[in-house]
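**Student:** Requesting a structural model of the entry that follows:
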Amino acid sequence: VYHSNLGGAYRELGEYELAADEYAAAVAIDPDYDSAWNRWGNVLYSLGDYAGAGEKYERAIAVDPDNATYRANLGSAYYEQGEYDLAAAAYEAAVELDPAYDYAWNRWGNALYLLEDYAGAALKYQQALLIYPEDEVYHANLGGAYYQQGEYEMAAAAYASAVAVDPEYDYAWNRWGLSL
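**Tutor:** This is a model prediction of the structure:
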């Protein structure tokens, strides 16, 4: 635990390499320390080492396969590597474990969007919004999925909802105007 705690302190200071060293020491002592594997993945992710982060997330999942956060983190590592199909599968696994995980629903939508499955993406964004309707980005993402399907009125309504949540959300204002 000491090494993991020290890794967390280094991470808070932005000393990601030192944090990674401490998480490595933690799992060397206890290879079943799933949280340390996950946190090690997080610092590698912060360093832009998405493949390395994915490997650590997979180790965390091997220890605790029922942790939705680890699966969503793995999805994000795949996403950043452009492996959108693998990312979608990891996010799907996360929401199967935790159906109220709005972030995973949204990220699943993002992966589907980049796979050009705009209808599927819209369904995932809608689910994220059912859980957390106060997120302006979820509304804007839904607007983008509708826009790509040629559903401009629905896109405009989604962007209007984003602006209602955050009146200073310039991106949503811009996209709303384009969808009219």
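
**Student:** hey, let's count contacts and neighbours off CA atoms from now on
**Tutor:** Noted.

**Student:** which residues in this structure form helices?
**Tutor:** 2-12, 16-29, 34-46, 50-63, 68-80, 84-97, 102-114, 118-131, 136-148, 152-165, 170-179 (DSSP state H).

**Student:** Can you get me a residue count around the residue lying closest to residue 7 once chain neighbours are set aside?
**Tutor:** Closest residue in space to residue 7, ignoring its immediate chain neighbours: residue 19 at 4.0 Å, by CA to CA, 6 or more residues apart in numbering. Here the number of neighbours of residue 19 (other CA atoms under 10 Å) works out to 27.

**Student:** any chance of the helices of the chain in CSV, plus mean pLDDT?
**Tutor:** Shown next, in CSV, are these (pLDDT from 0 to 100):
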stretch, mean pLDDT
helix 2-12, 95
helix 16-29, 97
helix 34-46, 98
helix 50-63, 98
helix 68-80, 98
helix 84-97, 98
helix 102-114, 98
helix 118-131, 98
helix 136-148, 98
helix 152-165, 98
helix 170-179, 96
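
**Student:** which residues does residue 86 contact?
**Tutor:** 75, 78, 79 (CA atoms under 8 Å, 6 or more residues apart in numbering).

**Student:** Can you give me the distance of the closest residue to the last one other than its chain neighbours to residue 159?
**Tutor:** The one in question is residue 79. Among residues not flanking residue 79 along the chain, residue 87 sits closest, at 5.2 Å (CA to CA, 6+ apart). With distances taken as CA to CA, to the nearest Å, residue 87 is found 26 Å from residue 159.

**Student:** Can you list phi and psi of residue 33 for me?
**Tutor:** Residue 33 adopts backbone torsions of phi -80, psi 80, taken as degrees, to the nearest 10.

**Student:** wait, it sits on residue 25?
**Tutor:** No - assessed by CA atoms under 8 Å, residue 33 is found out of contact with residue 25, at 10.9 Å.

**Student:** one step back: which of the contacts of residue 86 tops the neighbour count?
**Tutor:** Neighbour counts for the contacts of residue 86 (other CA under 10 Å) peak at residue 75, which has 30 neighbours.
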